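**Q** Give me coordinates for this.
(one chain, ligands or ions: 1)
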Amino acid sequence: SPCLNINENGHLTISGCDTTALAKQYGTPIYVISEEEVRRICRSYTESFQKYYNGNGRPIYASKAFNCKEMCRVVTSEGLDVEVVSGGELYTALQAGVSGGRIHFQGNNKSSKELELAIDNDVGDIVVDNFSELEKLNKIAGEKGAIANISLRVKPGIDAHTHEFIRTGQVDSKFGLDLESGEAFSAAKRALKMDNVKLIGLHCHIGSQIMEKEPFVHAAEVMLGLHHRIYKELEVELEQLNLGGGFGIHYLETDDFIPYHEYMQEVSAKISEVCAKYGIKLPRIYIEPGRSIVGEAGITLYTVGNIKEIPNVRNYVAIDGGMYENPRYALYQSDYTCLIANKANRPADYVATIAGKCCESGDLIQEHAHIQSPEEGDILAVLSTGAYNYSMASNYNRNPRPACIMVSQGESRVIIRGETYEDLVRNDL
Ligand code: LLP
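**A** You can find the predicted model right below:
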C-alpha cells in the first residue's frame with residue numbers, strides 16, 4: 001500500500017507515523033488505519049464513476065468490512081453511500097450523521113425491529129432478500145403509513161472463484177432470490193402490486209476477494225437481462241442497478257488481480273452495450289466495495305512475546321493478539337504479509353508461525369511467514385488488516401478488543417477506544 005514506508009531508523013511507517021512510536025504511545029495490540037489511503041481509494045472510485053457513468057451512480061461503502069462512526073464520516077465525506085447489514089451497523093451509521101437516504105440496507109433475515117428502524121429513519125434503499133421479507137416489510141411500512149424504497153437481492157447464478165465461505169452468487173446460496181427459476185421476476189411482479197413498497201432497483205453480489213473481471217462483467221449482463229424483462233413484461237423501468245462488491249486486494253505482494261478501474265471500464269462497456277441492444281435507458285449504477293476500500297489501508301501492531309523454536313518442526317512466534325482480534329486465518333487460512341516493524345529494513349530470512357494468545361491450537365495469524373529475525377519485545381506488523389478484522393473481532397477468552405487508531409499526515413488519533421476489563425463485565429449480572 002502506498003501509505004506504508006520505511007524511515008531512516010529502519011522502522012515501518014504508515015501515513016508518516018512511525019509504527020514503533022504508535023505501539024509505544026497506544027500500547028499493543030492496536031489496529032491502525034490510514035485515513036489518507038481510505039480517502040485516496042474512495043476518490044478513485046468516485047472518479048471512475050464520473051469517467052465511466054458520467055456520474056450516474058456512485059460507490060457504496062460496504063461497512064461490514066470496518067464499521068465505526070468515524071469510518072462512516074470519512075467515506076460519506078468522500079461522497080460514498082453506506083451499506084449496512086444489521087440494525088447495529090444501521091444504528092452506527094445514523095449515529096455518525098449519515099442520512100437515511102444515503103443508506104442501503106442488506107441482509108438475508110432482517111428482523112421486524114430492524115426493518116422498523118430502517119423505515120423510521122427513511123432508509124433510502126432496503127434490499128429485500130426473499131418473499132417473506134417482502135410481505136413483512138410491506139405490512140410494517142403500511143402500519144407506519146410509509147412507502148419503503150426497495151431493491152431486490154438477486155442470485156444471478158454466477159460462480160466466482162473464491163473461498164467457498166465468501167462466495168454468494170451461485171444457486172446454492174442463502175442470499176437472495178433465484179434468477180434462473182423466475183423467482184426474482186415473480187418477486188418484482190409481486191412488489192409492483194404492493195401499496196407500501198416502491199421497487200426501485202435490483203441488486204446482486206457474487207462474492208468477495210475476486211481476482212478476475214469476467215464474473216463481474218457476466219453478472220452485469222445477466223442482471224440487465226432481468227432489468228429488461230421487468231421493463232418488457234411489467235412495463236416498469238427500474239431506476240437503479242447495484243452490482244455489489246468483491247474486488248480483490250493485496251494480502252501478499254504476489255497477489256495478482258485486475259485493478260478495479262479495469263473492472264469499471266469493462267463492466268461499464270458491457271452495460272452500455274447491453275442497454276443499447278435492448279433499447280433501454282442506462283439505470284443508475286452502484287457498486288458496493290468493502291474490502292478494497294479499507295483492507296490495505298489498515299495494519300495491526302503487536303508485541304512479540306515468547307519464541308518457541310521446535311527443532312525440525314517450526315518456530316512459533318507468539319504475539320499479544322490472536323484469533324479474537326483477527327479470526328481470518330483460523331476461518332479461511334487467509335494469507336498475510338508480516339514483518340518486524342522495528343527491523344523493517346533487514347532481510348526477512350526467518351520462517352515463523354505467528355501464534356495468538358488464545359487457548360486453542362488453531363489460533364494462528366499466519367504459518368510459513370517470512371519475517372526478520374525476531375526477539376521478545378519487537379513490534380510485529382501484519383499488513384492488509386483494515387477489512388474484516390476489527391469487524392469480526394470477538395471477546396474470546398475474555399480478551400478486550402484492541403483500540404483502533406486513525407493516522408493521517410504524521411498525526412494519529414483514537415477512533416475506537418480499546419476495551420477495558422470493566423467493559424468485559426459491564427453487562428454481566
Ligand atoms: N455487498 C454485499 C451484499 C456483501 O455481502 C458484501 C460482502 C459486500 C458488498 C462487500 O464485499 P467486499 O467488497 O468487501 O468483498 N468475512 C469475509 C468476507 C465476507 C464478505 C461478505 N459480504 C472475509 O474476511 O474475507
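**Q** contacts, neighbours, all on C-alpha from now
**A** Fine.
**Q** Do the helix or strand bottoming out on mean pLDDT in the chain and the ligand come into contact?
**A** Taking mean pLDDT, DSSP states H and E as the measure, the chain has helix 260-278 as its least confident helix or strand, at a mean of 92. No. If you take Cα under 6 Å from any ligand atom as the test, helix 260-278 misses the ligand, and the best it gets is 10.9 Å.
**Q** For this protein, what lies in contact range of the ligand?
**A** 62, 65, 166, 205, 208-209, 244-247, 288-292, 328, 388.
**Q** mind running it again at 8 Å?
**A** 61-65, 83, 85, 106-107, 165-166, 168, 204-205, 207-210, 244-248, 287-293, 328, 332, 334, 387-389, 392 (Cα under 8 Å from any ligand atom).
**Q** The residues you listed, buried ones only, as a ChimeraX selection?
**A** To isolate the buried ones among the residues of the chain next to the ligand in ChimeraX, judged by 16 or more other Cα atoms under 10 Å, type:
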select :61,62,63,64,65,83,85,106,107,166,168,204,205,207,208,209,210,244,245,246,247,248,287,288,289,290,291,292,293,328,387,388,389,392
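**Q** so of the residues of the chain next to the ligand, which ones are in strands?
**A** 61, 62, 83, 287 (DSSP state E).
**Q** Of these, just say which sits nearest to the ligand.
**A** residue 62 (5.1 Å; Cα to the nearest ligand atom).
**Q** OK, contacts around the residue lying closest to the closest one once chain neighbours are set aside?
**A** Setting aside the residues directly before and after it, residue 62 is nearest to residue 290 in space (Cα to Cα, 6 or more residues apart in numbering), at 4.3 Å. Residues in contact with residue 290 (Cα atoms under 8 Å, 6 or more residues apart in numbering) are 61, 62, 63, 64, 65, 66, 245, 246, 387.
**Q** With residue 188 instead?
**A** For residue 188, the contacting residues are 152, 199, 230, by Cα under 8 Å, 6+ apart.
**Q** Please look at residue 219 and residue 159 and confirm they touch.
**A** No. Residue 219 is beyond contact range of residue 159, at 9.9 Å (criterion: Cα atoms under 8 Å).
**Q** more crowded one of these two?
**A** residue 219 (24 against 16; other Cα atoms under 10 Å).
**Q** what's near enough to touch that one?
**A** 156, 158, 204, 206, 243.
**Q** can you give me phi and psi for it?
**A** Main-chain torsions, residue 219, degrees, to the nearest 10: phi -60, psi -40.
**Q** got any ranges where the stretch 51-200 of the chain has weak pLDDT?
**A** 160-170 (pLDDT under 70).
**Q** mind listing the helices for it?
**A** With helices called from DSSP state H, counting those that start in this stretch, the stretch 51-200 of the chain shows them at 69-77, 87-95, 112-120, 131-143, 183-192.
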